[in-house]
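> no sequence for this one, just the structure:
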């Protein structure tokens, strides 16, 4: 093995998954926050010195620390204080209204009621709540209810008045203000939601830092050690940059975090650029990532831009956020300044628009290592995937959506089109590195439903969508580890357990490669999370002894 210093930390007597093409080991040694060596327990014994901390894995399964390559970390922390009306908690409209009614009893008249997570397809009434229904339970409080996708809001009458939205309000480009019989229903979609966002109560600076810390701590309970906050500045503008800097300075940033800067009108890129905050700026804990733009909406809101109509709605093909020339101009500008880009595009028509913009920018200023991204990229066709591979464009997707929303896809698009959703196998076969993520708070950061979906293609109701797109367990793990590092341009720092790379690890109660498929949902937990050689989460208190077991 050569001459090595004594390790700071050794994890041994386990199964250590080093990476997709790197095999497994029994033990891993850490020195100065990096992987020092991997091998058998006996091979690493010479690295154990008087000051070495030793953890006995007792056969448990260790992987590189997980990466959630697209979530909304700060908003996730803020939503922990909002009413949770996800389908797992609320299944009927009356239950949803009851949750809001109960909160009204706890607050004063005029205080905002914020709720998130409903899915009209899983409510008993199979429709969105109406403003009149919200008015009945909260006549003296403004209510802002957000659909699970985060692209649709339902506002009651008081909230609409505060936002200045009426039947006469012009519908903004890329938005929807729904009316029925000439009267507002309360539904606002995409850019039309900006009016409500502008009058929501602002969190304090401490609220922002606390949200970053709490969301990061929560992610660590699942083995997550790194993440990309996918739209920094969208809620509180440039204050979010300051909050992240303070969290970093005060030791309150649990995860390695890449900041995806909100671009476009009202974004923060110009301010960041003036401050020298370019893609790659920062350190190993807090880094400036790509610029974020939206090209379309969501399937559940029927605002994802498709080349063919939605099922039962021959005139509905979704919504483009920008005209083609507008998007192309912004992409060329950010690309020319040196930024990586990460553009939200779900429908195949939106993906066409994004790829055309990327190709134009790369033709004008070639840079195949810029590694531009398409966020979600859910309904990419084979010709688009081939084009992505040629241009060096990577997909960052949410396999968990297959599990959570797969049956919704069928209701909106039909079985045949839904079977093409999130084509992981096609991407991998083309040499791409599709990074898996949760889009939290849209879905929980819990990675186990994502691993299940990638390797079974089954929805929560047991429907199989496109079985030909399944990945192996090892490939699914790579999507949550080294692929996440790659799309964040950090593959030389983390994502695999190899000497010299960051000592970021997650230890699970069972082998994620061999546990039965349903066991991924019901039997596995994260027991230990290590970032840079330091324990950031453990299921047991640290007993403070040299030889420890978890």
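Done, it's in. Just so it is clear, the model here is predicted, and its values are computed rather than measured.

> shouldn't residue 343 be in contact with residue 322?
No. Contact criterion C-beta atoms under 8 Å: residue 343 and residue 322 do not qualify, at 10.1 Å. For the C-beta atoms, the positions are set from N, CA and C on the backbone; glycine is no exception.

> of those two, who's got more company?
residue 343 (30 against 23; other C-beta atoms under 10 Å).

> in a strand, that's where the more buried one is, yeah?
Yes. Under DSSP: H, G, I helix; E, B strand; the rest coil, residue 343 sits within a strand.

> check contacts around it.
292, 293, 294, 295, 327, 331, 354, 357, 372, 373, 374, 375 (C-beta atoms under 8 Å, 6 or more residues apart in numbering).

> equivalent analysis for residue 74, please.
The neighbours of residue 74, taking C-beta under 8 Å, 6+ apart as the test, are 208, 211, 212, 215, 229, 232, 235, 240, 243, 244.

> following the host helix or strand of it, which helix or strand comes up?
Using DSSP states H and E, residue 74 sits within helix 73-79. Using DSSP H and E, the helix or strand that follows helix 73-79 in sequence is strand 83-84.

> just to revisit the earlier point, now do the shared contacts for residue 343 and residue 322.
Joint contacts of residue 343 and residue 322 (C-beta under 8 Å, 6+ apart) are 293, 295.

> domains of the protein?
9-65+500-549, 83-197, 203-288, 295-494 (automatic domain parsing).

> tell me which of those domains sits nearest to residue 73.
Across the domains of the chain, residue 73 has its closest neighbour in domain 203-288 (4.3 Å, C-beta to C-beta).

> and that closest one, how far out from the chain's middle?
Mean C-alpha position of domain 203-288 versus that of the full chain (C-alpha atoms, centre = their mean, to the nearest Å) differs by 14 Å.

> now do that domain: distance from first to last residue.
23 Å (C-alpha to C-alpha, to the nearest Å).

> cool, and stretch 4-14?
22 Å.

> do stretch 267-277 as well
End-to-end distance of stretch 267-277 (C-alpha to C-alpha): 14 Å.

> in it, what's buried?
Residues of stretch 267-277 classed as buried: 267, 268, 269, 272, 273, 277 (neighbour count, 16 or more other C-beta atoms under 10 Å).

> next one: stretch 479-495
479-491, 493-495.

> just stretch 527-546 next, same as before
Under the neighbour-count criterion of 16+ other C-beta under 10 Å, stretch 527-546 has 527, 528, 529, 530, 531, 532, 533, 535, 536, 537, 538 buried.

> same deal with stretch 277-284?
By neighbour count on 16+ other C-beta under 10 Å, the buried set for stretch 277-284 is 277, 279, 282.

> I'd say the first one and residue 260 touch.
No. Look at residue 277 against residue 260 with C-beta under 8 Å: they stay out of range, at 11.8 Å.

> ok, the residue nearest to residue 450 when sequence neighbours are not counted - contacts?
Leaving aside its chain neighbours, residue 450 sits nearest to residue 400 (4.2 Å; criterion: C-beta to C-beta, 6 or more residues apart in numbering). Going by C-beta under 8 Å, 6+ apart, residue 400 touches 436, 438, 443, 449, 450, 453.

> please redo it, this time with the cut-off set to 10 Å
Shown in contact with residue 400 (C-beta atoms under 10 Å, 6 or more residues apart in numbering): 422, 436-440, 442-454.

> state the pLDDT value of it.
Residue 400 carries a pLDDT score of 97 in this model.

> same check on residue 234?
You'll see residue 234 listed with a pLDDT of 91.

> for residue 197, same thing?
For residue 197, pLDDT reads 89.

> surely it touches residue 175?
No. Here residue 197 does not reach residue 175: they are 11.9 Å apart, not a contact under C-beta atoms under 10 Å.

> who has more neighbours, these two?
Neighbour count, other C-beta under 10 Å: between residue 197 and residue 175, residue 175 has more, with 19 against 14.

> does the more buried one have beta-bridge partners, and which?
Residue 175 has the following beta-bridge partners by DSSP bridges: residue 190.

> how near is it to residue 42?
Applying C-beta to C-beta, to the nearest Å, the value for residue 175 to residue 42 is 64 Å.

> for stretch 193-207, which positions count as buried?
Those would be 193, 195, 196, 199, 200, 203, 207, for stretch 193-207 by 16+ other C-beta under 10 Å.

> what sits against the last one?
By that I understand residue 207. 74, 77, 78, 81, 201, 236, 243.

> for residue 344, same thing?
70, 151, 230-231, 292-298, 304, 321, 350, 354, 373-377, 396, 439.

> try 6 Å this time
If you count contacts by C-beta atoms under 6 Å, 6 or more residues apart in numbering, residue 344 has them with 294, 375.

> burial count for residue 183?
11.

> just give the nearest non-adjacent residue to it, would you?
Nearest one to residue 183, counting by C-beta to C-beta, 6+ apart, is residue 167 at 6.5 Å.

> next, give phi and psi for the closest residue to residue 4 other than its chain neighbours.
Setting aside the residues directly before and after it, residue 4 is nearest to residue 47 in space (C-beta to C-beta, 6+ apart), at 5.7 Å. Dihedral pair for residue 47: phi -90, psi -10, per degrees, to the nearest 10.

> go on, residue 273?
phi -60, psi -40.

> for the helix or strand hosting residue 451, give me every contacting residue.
Assigned by DSSP H and E, residue 451 belongs to helix 448-456. Here helix 448-456 makes contact (C-beta under 6 Å, 6+ apart) with 399-400, 402-403, 424, 436, 470-471, 473, 476, 517, 520-521, 524.

> which of these sit farthest apart?
The most widely separated members of these, counting by C-beta to C-beta, are 424 and 524 (20.2 Å).

> these two: which has the busier surroundings?
The neighbour count for residue 424 versus residue 524, taken as other C-beta under 10 Å, is higher for residue 424 (25 against 19).

> quick one, what contacts that one?
Residue 424 touches 434, 454, 469, 471, counting by C-beta under 6 Å, 6+ apart.
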